[in-house]
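[1] model this:
(one chain, ligands or ions: 1)
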Amino acid sequence: MVSPVPISAPSRAPSAATLDAIRGGSFARWDAERILSWSIENFHPRLVLSASFGNPEGMVLLDLMHRTVPDVRVFTLDTGRLPQATHDLIDRVRDRYGVAIEVVFPEPADVVQMVREHGQNLFYESVEKRQLCCRLRKVEPMRRYFATAGVDAWIAGLRREQNVTRTDAAKVEIDDAHGGIVKINPLVDWTHERVWDYVRDHNVPVNRLHKQGYPSVGCDPCSRAIQPGEDVRAGRWWWENPETKECGIHVEEESHGSGI
Ligand code: SF4
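    I've put the predicted structure just below:
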């Protein structure tokens, strides 16, 4: 059985109580289960989990949420450049949990124009061109989704140890890049080992490319396996410096100059 068709409506601003709790740092000591319970109680069904199907964190969160909310909302971005393994996992998850995955696509005209102007593999040529591709295939579709999907809060699988650009991520924050809705990062203080322990203990489905050395699976041309001892983020946009390695989904353009 799949979850109902999602409501279609603009997002709503957070309540005064939520804003006070965020500003007061109330969530800092809560564990992931408590953060998720609070999120579900306050926002479901205007709450959505963002899952890339290329990281175990999103699958752990889905498993945790599904225990309480069988019709948990899940959305993912299909950039048009994902590997087959990711598409296969999306269908496996759909079958196992019985949830309808809200798959979000780029605007076709934007992609056509970009490819005509810069070629299929523009991302290897410069940081600016890689950011253009990420913007058209990920950031803009996500903005359009949040503007119309009736979402007041979203859940992400960010962890602080993932990247130098994520070290100050909070468990609950206001997402100014998406109209001031609430962004929730329940796993922000989890370690890599803790995530994988959960996957093993609960037999959570994950992307099969992890077994081939991919710590994180994004678009096919921009992801690769890493060697033992390499940083876990070395498999994404490996030709760039760590400071530029974000697609813009989790980084405000204003604060990082060129976060996308
Ligand atoms: S990860 Fe690579 S292919 Fe995917 S949107 Fe970004 S630059 Fe384009």
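
[2] Now stretch 38-53: buried residues?
    38-40, 42-53 (16 or more other Cβ atoms under 10 Å). C-betas here are computed from N, CA, C, even on glycine.

[3] can you list the residues of the stretch 1-150 of the chain near the ligand?
    For the stretch 1-150 of the chain, the residues in contact with the ligand (Cβ under 6 Å from any ligand atom) are 79, 81, 123, 130, 133, 134, 137, 138.

[4] Narrow those residues to those in helices?
    The helices, defined by DSSP state H, take in 130, 133, 134 from these.

[5] hmm, back to that, now the residues of the stretch 1-150 of the chain next to the ligand as a markdown table including distance to residue 218, neighbour count and pLDDT?
    Converted to a markdown table, these look like this (distance: Cβ to Cβ, whole Å; neighbours: other Cβ atoms under 10 Å; pLDDT from 0 to 100):
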| residue | distance to residue 218 | neighbour count | pLDDT |
| --- | --- | --- | --- |
| 79 | 8 | 23 | 97 |
| 81 | 9 | 18 | 98 |
| 123 | 11 | 23 | 95 |
| 130 | 12 | 21 | 94 |
| 133 | 11 | 26 | 97 |
| 134 | 9 | 23 | 96 |
| 137 | 10 | 25 | 97 |
| 138 | 9 | 21 | 96 |
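
[6] what about residue 126, neighbour count?
    A count of neighbours around residue 126, defined by other Cβ atoms under 10 Å, yields 12.

[7] Then residue 186?
    Neighbours of residue 186 under the rule other Cβ under 10 Å: 28.

[8] mind listing the strands for the stretch 51-200 of the chain?
    74-77, 101-104, 153-155, 172-175, 181-184 (DSSP state E, counting those that start in this stretch).

[9] Identify, out of the ones you listed, the most deeply packed stretch.
    For those, the largest average neighbour count (mean count of other Cβ atoms under 10 Å) is found in strand 153-155, namely a mean of 26.

[10] In terms of secondary structure, what does that strand contact?
    Packed against strand 153-155, as judged by 3 or more Cβ pairs under 8 Å, 6 or more residues apart in numbering; DSSP states H and E, are the following elements: helix 32-43, strand 47-50, strand 181-184.

[11] The last one packs against which elements?
    Just to be clear, that refers to strand 181-184. Packing contacts for strand 181-184, counted by 3+ Cβ pairs under 8 Å, 6+ apart, involve helix 32-43, strand 153-155, strand 172-175.
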